[in-house]
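Asks: sequence? don't have it. structure:
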């Protein structure tokens, strides 16, 4: 039973994240860093997600992203969002 419920839980978290507004997805992603909970962060990532940064991370996979970047979560305590702009639209 336990093995059946875990995939169902992750599926429902993923579906919930996909139905959220972009602002809520962004906040959920960083909540993963604040709470040191990889599952919260991972639930916000799309299938086929790749990560690119100026630090020699060129379209790396989720597994590689976790290996290279997740360890920085220890440095995050609280993340504030003065303003979130989606698709370049700054109008309320």
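Replies: Everything's here; your move. All of these numbers come straight from a predicted model, not from anything done at the bench.
Asks: Tell me where the model's unsure across this protein.
Replies: 1-19, 89-92 (pLDDT under 70).
Asks: Tell me where it has strands.
Replies: Using DSSP state E, the strands found in the chain span residues 51-53, 57-60.
Asks: For residue 21, which of the ones you listed is the nearest?
Replies: Residue 21 sits nearest to strand 51-53 of all those, at 22.0 Å, using C-beta to C-beta. Just so you know, the C-beta spots here come from the backbone N, C-alpha and C atoms, and that holds for glycine as well.
Asks: Each with direction, which strands does that closest one pair with?
Replies: Strand 51-53 pairs in its sheet with strand 57-60 (antiparallel), by DSSP bridges.
Asks: Please identify the buried residues of the partner strand?
Replies: residue 60 (16 or more other C-beta atoms under 10 Å).
Asks: and it, how far out from the chain's middle?
Replies: Relative to the centre of its chain, strand 57-60 is centred 16 Å away, using C-alpha atoms, centre = their mean, to the nearest Å.
Asks: Kindly report the same for stretch 20-32.
Replies: Chain-centre distance of stretch 20-32: 7 Å, with C-alpha atoms, centre = their mean.
Asks: ok, now stretch 58-75?
Replies: Here stretch 58-75 is found 11 Å from its chain centre; the criterion is C-alpha atoms, centre = their mean.
Asks: State the phi and psi torsions of residue 50.
Replies: With angles defined as degrees, to the nearest 10, residue 50 sits at phi -130, psi 150.
Asks: ok, it - how many residues close by?
Replies: Residue 50 has 14 neighbouring residues, counting by other C-beta atoms under 10 Å.
Asks: Test my guess that residue 36 contacts residue 75.
Replies: No - counting by C-beta atoms under 8 Å, residue 36 does not reach residue 75; the two are 10.6 Å apart.
Asks: circling back to that earlier point, closest one to residue 44 among the strands of the chain?
Replies: Smallest distance to residue 44 across those (C-beta to C-beta): 12.6 Å, for strand 51-53.
Asks: what comes up buried for the closest one?
Replies: residue 51.
Asks: No more questions from me, cheers.
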